[in-house]
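**Student:** Below are the sequence and a predicted model for it; my questions follow.
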Amino acid sequence: MNLLGASIFIIAILLFSTFLNWYVFQAVKTLSQQISIERTRNTVQILYWLVFGGISLWYVYTFLKVFITGEFTLSTQTLLNVFLTVVVTQLVCVIFLFSEDIYRNAYAGFAYLSKNRDSFSFPPRKFWISAVAVMVAMIPFFGFLYGMSFGKHNFKLHREVLYFEDLPEAFDGFTITQISDIHIGSFKNPDHVQKGIDMVLAQESDLFVFTGDLVNHRADEIDPFISLFSEIKAPYGQYSIIGNHDYGDYIPWPSKEAKEANFQLFLDKHKELGFKLLRDEGIRIEKDGSFIQLLGVENWGVGFGSRGDLERALEQTAVEDFKILLSHDPSHWDQQVKTHEMGIHLTLSGHTHGMQFGIETPIIRWSPVQYRYPNWAGLAEHEGRFLYVNRGFGFHAFSGRVGIWPEITVIELRRKKL
């Protein structure tokens, strides 16, 4: 981002934060009117501005530092955690206050036009509305605290059984465990990683696949955890692909050669993990004289680069073969895969993380990421061709998960009886 863009961004953040601070202060001011001692009341209001004004200045300082150095550090991640927690909490509060302001302005306008203007007064805020606004706003506040403390390693198992008429009989009941988006550089506690790996091992699936974003930026992030992930074994192998973060594109490098050396190290780390990396290629998974084709492409995604070459991956594949594709970004399925003439039966993706924030219940399913990705989590289908989007093993930027929990997926293939 250039100097002008960075300046506009920082000014916008400061103005937005100040606006939210001012609006929420209206509730603080209303509630503090119940404090009979004026000095205490004033102290509460001053403390509010010291705390939240200070947080706003911290936003400016940290983002300015990021733009100058180009580095995303632990302090930056802490800032993002605070930013998201405070902003979402304040927005919930503002919704109530703004709704009240619509009523107050409408009431005031009607009163001004229909009554004696000399006796007109603007209606004050109601104590109970401000109280409700603050109490309801505490729900996302404590939700974010939970997400940062526990939610990010609250692994959930998702199972899907998929039926295909042309699945080879030998693969009826064949199981695949999928994880995605490990982002291992975000983890600090090996016990949390082990918890997810133990869940993977407990499934005892026939095949294991990992669909990209092993690291945040640097290949050596995986070093402290290689022994843990190398525990993962499956009878028919462990396969993986490259995600957009794995190329090291999002941090500055001292030279082109340094970036290339990092990527080569990343490739070497896969060998240490025991994962076979598929780079625009396919491999036969054979069982009892039959086979299915497992294909893997490099990252291909709208807005995230199109390194992957699906045609190359399909070179050794026939139209009648049963095909499973590993492709990191689900937009690839929307743009190329689901209508491809070769008929790819199942695509496994990740990338979205479900934005690590949302609501998933039997009735409501929502995340902000749905406005960017129509298929952002779970199963999608188009004319008998399936996509499954894993919600991710790890986390990135925001070091937590709220409502969209880390996922281990188990998919069982079944032959549909004709």
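**Tutor:** Cool, the structure landed.
**Student:** CA atoms for contacts and neighbours, from now on please.
**Tutor:** Will do.
**Student:** wait, doesn't residue 23 sit right on residue 94?
**Tutor:** Yes. At 6.5 Å, residue 23 and residue 94 qualify as touching, with contact defined as C-alpha atoms under 8 Å.
**Student:** the more surrounded of those two?
**Tutor:** The neighbour comparison of residue 23 against residue 94 (other C-alpha atoms under 10 Å) goes to residue 94, with 24 against 18.
**Student:** What is the helix or strand encompassing the more buried one packed up against?
**Tutor:** Using DSSP states H and E, residue 94 sits within helix 74-114. Secondary-structure packing of helix 74-114 (3 or more C-alpha pairs under 8 Å, 6 or more residues apart in numbering; DSSP states H and E): helix 3-32, helix 38-69, helix 127-149.
**Student:** Would you reformat those as a markdown table and include mean pLDDT and distance to residue 387?
**Tutor:** Below are the helices and strands packed on helix 74-114 laid out as a markdown table (pLDDT from 0 to 100; distance: least, C-alpha to C-alpha, whole Å):
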| stretch | mean pLDDT | distance to residue 387 |
| --- | --- | --- |
| helix 3-32 | 92 | 36 |
| helix 38-69 | 91 | 36 |
| helix 127-149 | 96 | 27 |
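**Student:** of all the ones you listed, which lies closest to residue 217?
**Tutor:** helix 38-69 (15.4 Å; C-alpha to C-alpha).
**Student:** May I see the buried residues of the closest one?
**Tutor:** 41, 44, 48, 52-53, 55-56, 59-60, 62-64, 67 (16 or more other C-alpha atoms under 10 Å).
**Student:** Out of the helices and strands packed on helix 74-114, which gets nearest to residue 206?
**Tutor:** With distances scored as C-alpha to C-alpha, the stretch of the helices and strands packed on helix 74-114 nearest to residue 206 is helix 127-149 (32.3 Å).
**Student:** Mind putting the helices and strands packed on helix 74-114 into a markdown table with distance to residue 396?
**Tutor:** Output for the helices and strands packed on helix 74-114, formatted as a markdown table (distance: least, C-alpha to C-alpha, whole Å):
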| stretch | distance to residue 396 |
| --- | --- |
| helix 3-32 | 21 |
| helix 38-69 | 16 |
| helix 127-149 | 12 |
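**Student:** With respect to residue 258, which of these lies nearest?
**Tutor:** helix 38-69 (17.6 Å).
**Student:** Leaving out sequence neighbours, find the closest residue to residue 20.
**Tutor:** The shortest distance from residue 20 to any non-neighbouring residue, by C-alpha to C-alpha, 6 or more residues apart in numbering, is to residue 90 (6.4 Å).
**Student:** thinking again about what came up before, how about JSON lines for the buried residues of helix 38-69, with distance to residue 204 added?
**Tutor:** Shown next, in JSON lines, are the buried residues of helix 38-69 (distance: C-alpha to C-alpha, whole Å):
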{"residue": "41", "distance to residue 204": "62"}
{"residue": "44", "distance to residue 204": "57"}
{"residue": "48", "distance to residue 204": "54"}
{"residue": "52", "distance to residue 204": "50"}
{"residue": "53", "distance to residue 204": "53"}
{"residue": "55", "distance to residue 204": "48"}
{"residue": "56", "distance to residue 204": "49"}
{"residue": "59", "distance to residue 204": "46"}
{"residue": "60", "distance to residue 204": "49"}
{"residue": "62", "distance to residue 204": "45"}
{"residue": "63", "distance to residue 204": "45"}
{"residue": "64", "distance to residue 204": "48"}
{"residue": "67", "distance to residue 204": "46"}
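**Student:** which one among those gets closest to residue 77?
**Tutor:** residue 62 (9.9 Å).
**Student:** give me every residue that touches that closest one.
**Tutor:** Counting by C-alpha atoms under 8 Å, 6 or more residues apart in numbering, residue 62 touches 75, 76, 79.
**Student:** and if you look at residue 284?
**Tutor:** Per C-alpha under 8 Å, 6+ apart, neighbours of residue 284: 291, 292, 293, 294.
**Student:** low pLDDT regions in the chain?
**Tutor:** 1-2, 115-120, 418 (pLDDT under 70).
**Student:** any idea how it splits into domains?
**Tutor:** Split into domains by automatic domain parsing, the chain comes to 3-149, 156-415.
**Student:** ranking those domains by burial, who's on top?
**Tutor:** Neighbour counts (mean count of other C-alpha atoms under 10 Å) averaged over each of these peak at domain 156-415, with a mean of 19.
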